[in-house]
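Colleague: predicted model follows, preceded by the sequence.
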Protein chains: 2
Amino acid sequence: MLDDVDHQILDLLKRNSRLTYTEIGKQINMSSPAVKTRMERLEDYVINRYTVEVNHNELNKGIHGFVLFKTKSCEKLMNYCKENKNIIDLWRISGEYNYMAKVICAKIEELEQISKDTTQYAFSNILSILGNYNVEEG
Amino acid sequence: MLDDVDHQILDLLKRNSRLTYTEIGKQINMSSPAVKTRMERLEDYVINRYTVEVNHNELNKGIHGFVLFKTKSCEKLMNYCKENKNIIDLWRISGEYNYMAKVICAKIEELEQISKDTTQYAFSNILSILGNYNVEEG
DNA sequence: CCTGAAAATATATCGCC
DNA sequence: GGCGATATATTTTCAGG
């Protein structure tokens, strides 16, 4: 299980995963080899990957949305979502719809195209993202 | 604008944001000072933050879901979502509902509690996440 | 599990192209 | 914009508690 120090390290890495062992150590009063050992253990169990959050608007990907799907052709839909480079997340969900995809694209037509592409085997419903609020601490 | 080298760097950082300048340089045939300069420019415009993706199941946060809200008390709802530590994302959306929150928690009761907490000013609908498919390349 | 020391790597700066 | 050289900083390894 994780102790308080592990959580402190994860919190620091969440804010900036490029912090050096030395810098993390300074902030939590621990030597850099000890930080390294802790992080290696976290990497085995808890850390999926160190990654980067990009500003999609700056990348000319200003259209964001969710697409809800109701389908019985699960494999077909999953394969489609894997192929479509604008779809960055896919969840199996409970309720009236059984899948939801997150879409990041340049033009509204690309978002609408997803419904057209899947119309033969899935009923879909587009939720455009009009705003994104930071609710996480840190 | 971003050129091909910038995209290569972002792709590498997306997979592992702790890569050293030296290692990135090796993979794209560029010197480490040049990689550093590029990354500093990316940090100004395109990179929001370097972060870490954690395995929530390992952290005893195995219940994942979305909550759709229909409300006229936007400020009230936003403040509630900021206070609730299980809510990690909040979007303004188009359609029948006007907000959607992403929730990561330990027990199903915590997910259901959100509907109860907001019932006086928002109508809500819970979509439990039953599975999460990796559709991103890399 | 942690620290401190020391060798091996990486970063940061800068002159030059 | 990028490269090579070099001074500074960090990482890595390991002996010792």
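Modeller: In hand now; what should we look at? Numbering: from 1, shown residues only, chains lettered A, B, ... in the order given.
Colleague: ok, longest strand in chain A?
Modeller: Ranked by residue count, the top strand of chain A under DSSP state E comes out as strand A:122-133.
Colleague: which neighbouring elements make contact with that strand?
Modeller: Counting contacts by 3 or more CB pairs under 8 Å, 6 or more residues apart in numbering or on different chains; DSSP states H and E, strand A:122-133 is packed against strand A:63-71, helix A:108-118, helix B:74-83, strand B:87-93. Glycine gets a C-beta too; all of them are placed from N, C-alpha and C.
Colleague: for chain A, what lies in contact range of DNA strand D?
Modeller: A:20-23, A:32-33, A:36 (CB under 7 Å from any atom of the strand).
Colleague: now for those residues, which sits with the most neighbours around it?
Modeller: In terms of neighbour count, residue A:21 stands highest of the residues of chain A next to DNA strand D at 18 neighbours, by other CB atoms under 10 Å in any protein chain shown.
Colleague: which ones are touching it?
Modeller: By CB atoms under 8 Å, 6 or more residues apart in numbering or on different chains, residue A:21 lies in contact with A:32-33, A:35-36, A:39.
Colleague: 6 Å - rerun?
Modeller: A:32, A:35-36 (CB atoms under 6 Å, 6 or more residues apart in numbering or on different chains).
Colleague: for residue A:128, grab the count of nearby residues.
Modeller: 17.
Colleague: apologies, that question was intended for residue A:17.
Modeller: 22.
Colleague: my guess is it meets residue B:51, correct?
Modeller: Yes: at 5.4 Å, residue A:17 counts as touching residue B:51 under the criterion of CB atoms under 6 Å.
Colleague: and for the residue nearest to residue A:125 when sequence neighbours are not counted, the neighbour number?
Modeller: Counting by CB to CB, 6 or more residues apart in numbering or on different chains, residue A:125 lies nearest to residue A:68, which is 4.4 Å off, once chain neighbours are set aside. Look at residue A:68: counted by other CB under 10 Å, it has 20 neighbours.
Colleague: quick one: low-confidence residue ranges for chain A.
Modeller: A:138 (pLDDT under 70).
Colleague: just checking, residue A:104 touches residue A:56?
Modeller: Yes: with contact defined as CB under 6 Å, residue A:104 counts as touching residue A:56 (5.2 Å).
Colleague: can I get the contacts of residue A:21 in a markdown table including distance to residue B:90 and secondary structure?
Modeller: Output for the contacts of residue A:21, formatted as a markdown table (distance: CB to CB, whole Å; DSSP: H, G, I helix; E, B strand; the rest coil):
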| residue | distance to residue B:90 | secondary structure |
| --- | --- | --- |
| A:32 | 37 | helix |
| A:35 | 33 | helix |
| A:36 | 35 | helix |
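Colleague: out of those, the closest to chain B would be?
Modeller: Within the contacts of residue A:21, proximity to chain B (CB to the nearest CB) peaks at residue A:36, which comes in at 11.6 Å.
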